[in-house]
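Q: Quick one: sequence and predicted model below, then my questions.
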Amino acid sequence: MILLHVPTFSLAAYAQGDSFWHRLQPQVRLAVALLSVLGAVLLPEGAWNYWGLYAAVLAILVLLSQVSPVALLRRLAVELVFVGVLLLTILLSGRGTPLWTWGPLVIADGSLLTFASVLVRSALSLWVLNLLTLTTPAPSLLQALAGFGCPALLVRVLESMLRYVAVLVDELGSMQRAAQARSGARAARWNILGNLLGALFLRTYGRGERTYLAMQARGFAGRFPETDARPWRPDEWLITTAAALFAVSTLVLAWWPL
Amino acid sequence: MHIPDGFLSLPVCLAMGLVSLVILGIALRQVERQFADRLVPLMGVSAAFIFAAQMINFPVLGGTSGHLLGGTLAGVLLGPWAGTLAVMVVFGVQALLFQDGGIVALGANLFNMGFVGTFLGYYLYRGVRKLLGGKSWLAMATGTAVASWASVVTASALVAVQLALSGTVNLAVVLPAMIGVHALIGIGEAILTVGVVSFLWRTRPDLIFEPLAPILTAVPPIQESIHGR
């Protein structure tokens, strides 16, 4: 009755590689990734040629970055199934002329176009962001965010959230094992769900609070030392400018065709 | 209720994005003025909890499913501003990392579920609790239940209005549909929120936000925080 989709949190499995992509510092990777996500997402509906262009560039980037395409595809498949279920409501929203009818379900050409476009947009941005998170550890990404002028408090909340998600999944696992050891029910029922979630919340908070206080006692003042901050190299500027130009020019060409 | 990209028109997206950016700025400033250091772990765990809880889908009539929005939960635990900040971080991460909700439509999603869900949830909860006499479990539970149901339904009505303003669908069609479905989802939200808050009320009442007796702004009792529960 209750589906639990806990996403894979084995982030940054390919952080240690040595390639063209890895030699760019995290801030540059983040900038390039965000530029291409924004560029791909802001394209108008049905801009298949431009999306194809993005896919080609991304495929080259994957080959260059030495990330296993199989691992990337597996993650993409899991995430796309999750997104696809959410997007079914778009497909069945019935805008435009009906193409196919089965009982109350109508697929119309307008909603089919929107569905396909949203699906391609999500696939492309998932592709970029998975490449980014597979190759770049979360602390470096957060430092890169702070380097772009993101408020420190926001970065700290983001950081503690990402850490707590891992703790939460961990605690959930041990609670499930404990319940199984007591031969408890595998599926939670409504009447105990609140207690279950409350206990999970408290266990996670307790563990996190102890760690946080221990860190404070050792002099942690809310900021990790920056390890890999250095000025951008000329080729890093070049890459970022190229990404920005690519995004802007495809957007201009797609919205205002010659 | 996450709006994907391609559903809202650009003016609506831009307007909502601007409003959300301003709210985010105010929330950051407000939280910094409180005792932010003490709040960061609680904000982090609330955000992580809401993030994970949103992956639990409960089925609603007709094959659709709903999930926890968590605005009221965050408001009850963290107060309105820190709660808004925590929930906004959740929706930002979901949009960027998991494509749940569009990036261009992020402003609208942040406003509907992050700001309105938390603020309305918090103040309704406070109002109902005060009306029923404040300190009892019944007052707290009733306030939480009413607030979580109402905030979900209001957020869904806002989504309907934004969709209609964008010219995607007709308001007369989408408003009753959204409210109808979310009146049911709201019941699930109310059950889950009351369950979690009641558990915390019994075991760690100090975690529940109380502006009347400001625990979080005072110097924390050191013995208690080191030796934990």
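A: Arrived safely, thanks for sending.
Q: And A:V37, how far from chain B?
A: Look at A:V37 and chain B: by Cβ to the nearest Cβ, to the nearest Å, they are 7 Å apart. C-beta coordinates here come from the backbone N, C-alpha and C atoms, glycine included.
Q: Helix, strand, or coil at that residue?
A: Assigned with DSSP: H, G, I helix; E, B strand; the rest coil, A:V37 falls in the helix class.
Q: I figured it hits A:S125, correct?
A: Yes: counting by Cβ atoms under 8 Å, A:V37 sits close enough to A:S125 to count as a contact (4.5 Å).
Q: in chain B, what residue is nearest chain A?
A: Nearest residue of chain B to chain A (Cβ to the nearest Cβ) works out as B:G195 at 1.5 Å.
Q: Contact partners for that residue?
A: Applying Cβ atoms under 8 Å, 6 or more residues apart in numbering or on different chains to B:G195 gives the contacts A:L193, A:G194, A:N195, A:L197, A:G198.
Q: Now, the residues you listed that are in helices?
A: Judged by DSSP state H, helices contain the following of these: A:L193, A:G194, A:N195, A:L197, A:G198.
Q: Skipping adjacent residues, who's closest to A:L38 in space?
A: A:A247 (6.5 Å; Cβ to Cβ, 6 or more residues apart in numbering or on different chains).
Q: scratch that, A:A254 is what I was asking about
A: A:A47 (4.7 Å).
Q: Give me the number of neighbouring residues for that neighbour.
A: As a burial measure, A:A47 scores 21 neighbours (other Cβ atoms under 10 Å in any protein chain shown).
Q: What of the one 3 residues further on?
A: A:Y50 is surrounded by 18 other residues when neighbours are defined as other Cβ under 10 Å.
Q: ok, now which ones touch it?
A: A:Y50 touches A:L43, A:T250, A:L253, A:A254, counting by Cβ under 8 Å, 6+ apart.
Q: Most neighbours among those residues, which one is it?
A: A:L43 (23 neighbours).
Q: Help me confirm that it comes into contact with A:A254.
A: Yes: judged on Cβ under 8 Å, A:L43 makes contact with A:A254 at a distance of 5.1 Å.
Q: which non-adjacent residue is nearest A:L172?
A: Leaving aside its sequence neighbours, A:L172 sits nearest to A:L200 (Cβ to Cβ, 6+ apart; 6.0 Å).
Q: What are the boundaries of the helices in the chain?
A: Looking at chain A here, since you left the chain open. A:20-23, A:26-42, A:48-65, A:69-91, A:109-135, A:138-147, A:152-181, A:190-217, A:234-255.
Q: actually it's chain B I care about, not the one you picked
A: Using DSSP H, helices in chain B cover B:10-33, B:36-53, B:71-78, B:80-98, B:106-109, B:117-131, B:137-165, B:171-203, B:222-227.
Q: looking at chain B, which helix or strand is least sure?
A: Using mean pLDDT, DSSP states H and E, the weakest-scoring helix or strand in chain B turns out to be helix B:222-227, at a mean of 50.
Q: Look at B:A27 and report its pLDDT.
A: pLDDT, B:A27: 90.
Q: which residues does it contact?
A: B:W81, B:A82, B:T84, B:L85, B:M88.
Q: wouldn't the first one be in contact with B:E32 here?
A: No: in this structure, B:W81 sits apart from B:E32 without contact. The criterion is Cβ under 8 Å, and the distance is 9.8 Å.
Q: how far away is the nearest residue to A:A244 once chain neighbours are set aside from A:T240?
A: The spatial neighbour of A:A244 that comes closest, neighbours along the chain excluded (Cβ to Cβ, 6+ apart), is A:L35 at 5.4 Å. Taking Cβ to Cβ, to the nearest Å as the measure, A:L35 falls 7 Å from A:T240.
Q: and stretch A:205-225, average pLDDT?
A: 80.
Q: Kindly export that stretch (C-alpha atoms) in CSV.
A: C-alpha atoms of stretch A:205-225 as CSV (Å, rounded to 0.1, in the frame of the first residue of the first chain):
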residue,chain,number,x,y,z
TYR,A,205,17.8,14.2,15.2
GLY,A,206,19.5,12.7,18.2
ARG,A,207,22.4,11.3,16.2
GLY,A,208,22.8,14.5,14.2
GLU,A,209,22.6,16.7,17.3
ARG,A,210,25.2,14.7,19.1
THR,A,211,27.6,14.9,16.1
TYR,A,212,26.9,18.6,15.7
LEU,A,213,27.6,19.4,19.4
ALA,A,214,30.8,17.3,19.2
MET,A,215,31.9,19.3,16.2
GLN,A,216,31.1,22.5,18.0
ALA,A,217,33.1,21.4,21.0
ARG,A,218,36.0,20.8,18.6
GLY,A,219,35.8,24.4,17.4
PHE,A,220,33.5,24.0,14.3
ALA,A,221,32.1,27.4,13.6
GLY,A,222,29.8,26.5,10.8
ARG,A,223,32.2,26.6,7.9
PHE,A,224,34.5,23.9,6.5
PRO,A,225,37.9,25.0,5.4
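Q: how about it, does it reach chain B?
A: Yes: under the criterion of Cβ under 8 Å from any Cβ of the partner chain, stretch A:205-225 makes contact with chain B via A:Y205, A:G206, A:G208, A:E209, A:R210, A:Y212, A:L213, A:G222.
Q: Please apply the same query to stretch A:108-122.
A: Yes: for stretch A:108-122 and chain B, the contact criterion (Cβ under 8 Å from any Cβ) is met by A:T114, A:S117, A:V118, A:R121, A:S122.
Q: Does the residue nearest to A:A254 touch A:L251 like I think?
A: No: at 9.3 Å, A:A47 does not count as touching A:L251 under the criterion of Cβ under 8 Å.
Q: Tell me which residue lies nearest the centroid of chain B.
A: B:G71 (1.0 Å; Cα atoms, centre = their mean).
Q: Assess the claim that it and B:L85 are in contact.
A: No: taking contacts as Cβ under 8 Å, B:G71 lies outside contact range of B:L85: 11.9 Å.
Q: picking that back up, how near is the residue nearest to A:A254 to A:L126?
A: 18 Å.
Q: For residue 157, list the residues it contacts.
A: This is for chain A. Counting by Cβ under 8 Å, 6+ apart, A:V157 makes contact with B:V40, B:M43, B:G44, B:A47, B:L85, B:A86, B:V89.
Q: You answered for a different chain; I wanted chain B.
A: Counting by Cβ under 8 Å, 6+ apart, B:A157 makes contact with B:L175, B:M178, B:I179.
Q: if we go to 6 Å?
A: B:A157 is in contact with B:I179, counting by Cβ atoms under 6 Å, 6 or more residues apart in numbering or on different chains.
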